[in-house]
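Novice: Fold the following, please.
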Amino acid sequence: SLVIPEKFQQILRVLNTNIDGWRKIAFAIPAVKGVGRRYAHVVLRKADTDLTKRAGELTEDEVERAITIMRNPRQQKDVKDGKYSQVLANDLDNKLFEDPERLKKIQVHRGLCHFWDLRHTKTTGRRGPTVGVSKKK
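Specialist: Predicted coordinates for the structure are as follows:
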């Protein structure tokens with residue numbers, strides 16, 4: 001509608017990420033690192049949230065319910081603590097760094113290949129900062 005609700009939030013802060021309040025909630029949540037469109041739809045359906053609502057129209061209770069579901073899905077067990085959890089936001093960066101280090105430490109074949117620089121992670125990685133080529137002058 002054309003009238004802005006009185007408790008409308010322009011920007012939501014969810015899991016260390018700014019989310020645009022004007023976008024529909026199902027398409028706004030994937031701004032969080034580690035959450036895709038499919039996972040966002042599943043979480044919102046499980047949290048009984050209306051998918052047609054704007055992100056800024058959600059109440060604090062609805063946002064908290066969605067975050068708790070996002071953090072505790074039925075996923076593969078974590079190696080360290082044996083819990084089931086979705087890796088989101090800053091934890092995702094840490095996990096992407098720790099996994100090859102863990103494989104090197106326990107000296108499995110995959111870890112040794114990382115150690116010997118046989119894994120070409122420079123160009124095929126889809127996360128992290130982009131690596132550019134500097135032009136000769």
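Novice: Only C-alpha atoms from now on, for both contacts and neighbour counts.
Specialist: OK.
Novice: okay, and the helix or strand of this protein with the least pLDDT?
Specialist: Lowest on mean pLDDT, DSSP states H and E among the helices and strands of the chain sits helix 121-124, with a mean of 67.
Novice: for the nearest residue to residue 24 once chain neighbours are set aside, phi and psi?
Specialist: What sits nearest to residue 24 in space, not counting adjacent residues and going by Cα to Cα, 6 or more residues apart in numbering, is residue 54, at 4.2 Å. Main-chain torsions, residue 54, degrees, to the nearest 10: phi -80, psi 160.
Novice: Next up, the contacts around residue 54.
Specialist: Residue 54 sits next to 21, 22, 23, 24, 25 when contact means Cα atoms under 8 Å, 6 or more residues apart in numbering.
Novice: I figured residue 23 hits residue 57, correct?
Specialist: No - using Cα atoms under 8 Å, residue 23 makes no contact with residue 57, being 10.1 Å away.
Novice: Neighbour count: these two, which is higher?
Specialist: residue 57 (19 against 16; other Cα atoms under 10 Å).
Novice: Against residue 9, how distant is that one?
Specialist: Plainly put, residue 57 is 7 Å away from residue 9 if you go by Cα to Cα, to the nearest Å.
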